[in-house]
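Chemist: Quick one: sequence plus predicted model below, questions after.
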Amino acid sequence: MNKPIRYAIVGTDSRAGMYIQALLKDHRDGNELVAYCDLNQARMDATNRHWSAKLGTAPIPSYLPTDFARMLREQRVDTVIVTSVDRTHHRYIIDAMENGCDAISEKPLTTDAEKCQQVLDAVERTGRKLRVTFNYRYTPLASLVKRLLMQGVIGKPLSVHFEWLLDTNHGADYFRRWHRDRANGGGLMVHKATHHFDIINWWLGSRPETVFGLGGLRFYGRENAESRGVTSFYERATGSPAAANDPFALHLDRNEWNRAMYLEAEKHDGYLRDQSVFGNGISIEDDMALAVRYESGATMSYHLTAYSPWEGYRIAINGDQGRLELDKVDSAWCQGPEDPAMTRLLAEHEAIDAAPSERLTVRPHWGRPRAIAIPSGEGDHGGGDARLLQDLFVGGSADPLGRAANHIDGAWSILTGIAANRSFATGAAVRTRDLVRFRDAAPAQPVQLLRAAAARS
Ligand SMILES: NC(=O)c1ccc[n+]([C@@H]2O[C@H](COP(=O)([O-])OP(=O)(O)OC[C@H]3O[C@@H](n4cnc5c(N)ncnc54)[C@H](O)[C@@H]3O)[C@@H](O)[C@H]2O)c1
């Protein structure tokens, strides 16, 4: 029997949970979780208590970042899983590979062009493997769209229209947490939209060539609230009387997990998880519009809004033989204190339930539109997480859709956002080829040329 693969996880909070459960329970055959590394010892201790209580497993040895190399040696780590704050990904990926380990990195691969180049160079220098875990590729819905495009249902994709909405629950959270500082996550163009840009690169079988963008902070932040007439402010919600009735406030003392992971851990690193979304110091955008041209010649208009009343997306792909439309609702509305004047006003007009529906439609040229059956995607992230974990920790299945993403895919997925950030700052269009150098990149395979593989899948 093969020896189990020995894993360490760096960054032991929210996202790490998915990997911890997989390695300690669902996929423990052939895999072993041997170490944690995190900046915050209290957070690692709380993580250990949580999983020991939940699964009855022994605590995992924990190390601070200064002992990362010692951890790799002492625990004979084969693969490092990076689930820490985005700005630290490159450092752990590179250190892991320099020490003879493979790496699995959460998205985004990293946050800027310089760090991206360092990661690409390190992969070449060390010859180690790097996987970037794009769970959206593994959702049955995204996989179906890829298959339809590979089968040529709309012919050659010529243009994409893509709108992603983050609601005032989930979207707002990026403005309470570390993401609010551009230095930590590269803004939502990198941190969040890396998913979207990866999906488009993968669906089209192409790469972004030129990006022009306009972005700004239009809703969150103190100045925007002031301009809407708000006069009561606070810096953090927990314990603040001004936050008592704010639907945007997160009170860390009202939930055991938040108390252990943040309130009791903050003395170690000063991290405040409950900052006001209308506070000072936000350096990222909440409203971003892009025009992108791809190497295949296709173009994309893209919009990301982080203060929407509902969460989900609308995508349309125009091909030379038809059009594919996909609407998906992840959360139809956010419950909170609706303004009574608005309730009265809308009552006068309301006719039907305005909640948008889920639908995937193919409209061939010269043919009637076809509603496509949407496969069920149970579990987190539209069913993507479970399928991703199966691929990572069990593997062995054919991958005709090419869902497994490597360092090259990871890099291309962030280059649209990095170019967008540069375009926001300069007002000019940015060419991605001017951002990093790829030495070993195979040419992209345009999706419409992959029919044979699709037919086999
Ligand atoms: N694929 C997905 O759908 C998905 C979903 C959520 C998060 N993520 C990714 O997972 C990563 C973690 O996100 P999260 O939501 O769990 O964040 P989090 O804030 O919950 O956890 C981040 C952890 O990193 C630790 N950390 C901070 N600085 C560190 C350092 N210098 N060295 C080591 N550890 C450090 C923190 O103490 C914390 O435990 C991010 O890169 C994020 O993009 C991916």
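Modeler: Now that the structure is in, tell me what you want to look at.
Chemist: Where does the stretch 251-400 of the chain get nearest to the ligand, residue-wise?
Modeler: H381 (5.3 Å; CB to the nearest ligand atom). To be clear about C-beta, it is placed using only N, CA and C from the backbone, and glycine gets the same treatment.
Chemist: For that residue, report the pLDDT, please.
Modeler: Listed pLDDT for H381 reads 82.
Chemist: for the closest residue to it other than its chain neighbours, what are its contacts?
Modeler: Spatially, and ignoring its direct neighbours in sequence, H381 is nearest to N135 (4.8 Å; CB to CB, 6 or more residues apart in numbering). When contacts are counted by CB atoms under 8 Å, 6 or more residues apart in numbering, N135 touches 381, 384-385, 388.
Chemist: Quick check: buried residues in the longest helix belonging to the chain?
Modeler: Counting residues, the longest helix in the chain under DSSP state H turns out to be helix 407-426. Buried residues in helix 407-426, counted by 16 or more other CB atoms under 10 Å: 407-424.
Chemist: The ligand contacts on this protein?
Modeler: 10-15, 37-40, 43, 65, 83-86, 88, 106-107, 135, 178, 191, 381 (CB under 6 Å from any ligand atom).
Chemist: So what are the structural domains in this protein, by residue number?
Modeler: Domain assignment for the chain by automatic domain parsing gives 5-135, 138-219+283-379+407-456, 234-269.
Chemist: mind giving me TSV with these and columns for distance to F393?
Modeler: Output for the domains of the chain, formatted as TSV (distance: least, CB to CB, whole Å):
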stretch	distance to F393
domain 5-135	4
domain 138-219+283-379+407-456	13
domain 234-269	25
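Chemist: Need the winner for burial among those domains.
Modeler: domain 5-135 (a mean of 20; mean count of other CB atoms under 10 Å).
Chemist: any idea how far the residue of the stretch 101-250 of the chain found nearest the ligand lies from A42?
Modeler: Among the residues of the stretch 101-250 of the chain, E106 lies nearest to the ligand; the distance is 3.7 Å by CB to the nearest ligand atom. Plainly put, E106 is 22 Å away from A42 if you go by CB to CB, to the nearest Å.
Chemist: Am I right that H268 is in contact with A42?
Modeler: Yes - applying CB atoms under 8 Å, one finds H268 in contact with A42, separated by 5.3 Å.
Chemist: Run through the helices of the stretch 101-250 of the chain in chain order.
Modeler: Secondary structure of the stretch 101-250 of the chain (DSSP state H, counting those that start in this stretch): helices at 113-126, 140-151, 170-173, 182-185, 187-191, 193-204, 222-227.
Chemist: Now do the longest one: everything it contacts.
Modeler: Which is helix 113-126. With CB under 8 Å, 6+ apart as the test, helix 113-126 has contacts from 87, 89-90, 93-94, 97-98, 100, 109-110, 128, 130, 407-408, 410-411, 414-415, 418, 435-440.
Chemist: so how far is that helix from its chain's centroid?
Modeler: 21 Å (CA atoms, centre = their mean, to the nearest Å).
Chemist: Export it to CSV, keeping only CA atoms.
Modeler: Output of helix 113-126 as CSV, limited to C-alpha atoms (Å, rounded to 0.1, in the frame of the first residue of the first chain):
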residue,chain,number,x,y,z
ALA,A,113,2.0,41.0,-10.8
GLU,A,114,5.3,40.9,-9.0
LYS,A,115,4.2,38.1,-6.6
CYS,A,116,2.6,36.3,-9.5
GLN,A,117,6.0,36.4,-11.4
GLN,A,118,7.8,35.1,-8.3
VAL,A,119,5.4,32.1,-8.1
LEU,A,120,5.7,31.3,-11.8
ASP,A,121,9.5,31.4,-11.5
ALA,A,122,9.5,29.2,-8.4
VAL,A,123,7.4,26.5,-10.1
GLU,A,124,9.9,26.5,-13.0
ARG,A,125,13.0,26.5,-10.7
THR,A,126,11.8,23.8,-8.4
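Chemist: I'd like the mean pLDDT over it, please.
Modeler: 98.
Chemist: Could you tell me the angle between the direction of that helix and that of helix 407-426?
Modeler: Orientation check (axes from the mean of the first three to the mean of the last three CA atoms, to 10 degrees): helix 113-126 against helix 407-426 gives 160 degrees.
Chemist: so which of the domains of the chain comes closest to A225?
Modeler: Across the domains of the chain, A225 has its closest neighbour in domain 138-219+283-379+407-456 (8.7 Å, CB to CB).
Chemist: ok so, going back, among the contacts of helix 113-126, name the ones in strands.
Modeler: The strands, defined by DSSP state E, take in L130 from the contacts of helix 113-126.
Chemist: For the protein, give me the ranges with low pLDDT.
Modeler: Residue ranges of the chain with pLDDT under 70: 1, 352-356, 440-441, 452-457.
Chemist: One more pass at 80, please.
Modeler: The model of the chain has pLDDT under 80 over residues 1, 349, 351-358, 377-378, 440-443, 448-457.
Chemist: Return the residues in contact with G185.
Modeler: 85-87, 108, 111, 178-179, 191, 284.
Chemist: before we move on, back to that, excluding covalently adjacent residues, which one is nearest to the residue of the stretch 101-250 of the chain closest to the ligand?
Modeler: That would be T83: by CB to CB, 6+ apart, it lies 5.0 Å from E106.
Chemist: Isn't that neighbour up against I20?
Modeler: No - counting by CB under 8 Å, T83 does not reach I20; the two are 9.4 Å apart.
Chemist: who touches both of these two?
Modeler: When contacts are counted by CB under 8 Å, 6+ apart, T83 and I20 are jointly contacted by 9, 12.
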